[in-house]
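1. Kindly generate the corresponding structure for this input.
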Amino acid sequence: MTTKLRYRTLVADSARWEGFEFRDGDIIISTPPKCGTTWTQMICALLVFQTSDFDRQLDLISPWLDQNTKSRDEVFADLAAQDHRRFIKSHTPIDGLPWDDRVTYVAVGRDPRDVAISMAHHFDNLDFGAFLGLIDRAVGLDTLADVMSDPPPADSTAVERFWAWVDDATPLGRTLSGLAGTLHHLSTFWELRERPNVVLLHYGELQADLTGQMRRLASELGIDVGDDKVAQLAPAADFENMRERATAVAPNTTEPIWVDSTSFFHRGTSGQWRDLLDENDLRRYAARATELAADDFSYWVHQGPISD
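-> Residues are numbered from 1 along each chain as shown. Sure, this is the predicted structure:
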């Protein structure tokens, strides 16, 4: 498999993977935004190091390689210097990533209705000026003029922001989010889920049985760790513990872009959409999701029928 598509936005560029030298055992954690990326990075850190005490921030251990806030050379050098098993963050679908049989590709699904609500809070907590400043220093905003876009209007209602996310018609390759982009990203993994080096997790299953899902991921990654050790490590990956350690485990805290780092971990719950959407909204959403996703895949993403 070779790289087929380029995903290029203000935030990230999949072309940054070009020339990266993989090692046997590398892990790429590639999820759509707000689907449990940081959670999965934390789980991988716990399994790889088999301790909850890390020597630096999680986003330095597991950098977002395609993000435009650091130069590619700097990220490559940081990863080359690592002597542990590497686990690298991405928000690029698998059809935009370089394929290597030595690498394990991990994705996490989440009910898109919760993703939409989480994304709205994410924008509210983002210091957009500071974020643009990082990108400007790293790659220059002039190089990204054709992919610049404004954040959602601050005066939009929660329902308006939900539908803006669901109905976003930005072409694939020019967005990392939106319903179409999120479902496309997950579908690229769904289609390859039988491959031995592709792992699909789900946010809902992580919530329901964190310890069991950690054991499953350890097995998929070939990490030898006993059940008792996994049970000992798992509490460090629960929501409240990660929230308490936000400055150490939230992304981009070394060069702050958040109004409040702790608020990066907002609620971490499922089913938030039930308090926002009425029956007409749910019918409208179901019609849109049905246009974009096959039945078996949709059932998995939503962890049941869309109409529920």
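2. chain center to stretch 181-189: distance?
-> 12 Å (CA atoms, centre = their mean, to the nearest Å).
3. Which parts of it count as buried, going by neighbours?
-> 181, 182, 183, 184, 185, 186, 187, 188, 189 (16 or more other CB atoms under 10 Å). Any C-beta I mention is one placed from the backbone N, CA and C, and that applies to glycine too.
4. pretty sure residue 258 is touching residue 264, no?
-> Yes: the criterion here is CB atoms under 8 Å, and residue 258 meets it with residue 264 at 5.7 Å.
5. okay, and the common contacts of these two?
-> 125, 250 (CB atoms under 8 Å, 6 or more residues apart in numbering).
6. Excluding residues flanking it in the chain, which one is nearest residue 122?
-> residue 34 (6.2 Å; CB to CB, 6 or more residues apart in numbering).
7. Just to check, that neighbour is in contact with residue 120?
-> No: using CB under 8 Å as the test, residue 34 is too far from residue 120 to be in contact (9.6 Å).
8. sorry, back to before: in terms of neighbours, single out the busier of residue 258 and residue 264.
-> residue 264 (23 against 20; other CB atoms under 10 Å).
9. neighbours around the nearest residue to the more buried one once chain neighbours are set aside, how many?
-> Distances taken as CB to CB, 6+ apart put residue 250 closest to residue 264, at 4.2 Å, once the chain neighbours are dropped. Number of residues near residue 250 (other CB under 10 Å) recorded here: 22.
10. For residue 250, which phi and psi angles does the backbone take?
-> Dihedral angles of residue 250 (phi, psi; degrees, to the nearest 10) stand at phi -70, psi 150.
11. I'd like to know how far it sits from residue 29.
-> Here residue 250 is placed at a distance of 15 Å from residue 29 (CB to CB, to the nearest Å).
12. Tell me how many other residues crowd the nearest residue to residue 231 once chain neighbours are set aside.
-> Spatial nearest neighbour of residue 231, chain neighbours left out: residue 211 (5.5 Å); criterion: CB to CB, 6+ apart. By other CB under 10 Å, 16 other residues sit near residue 211.
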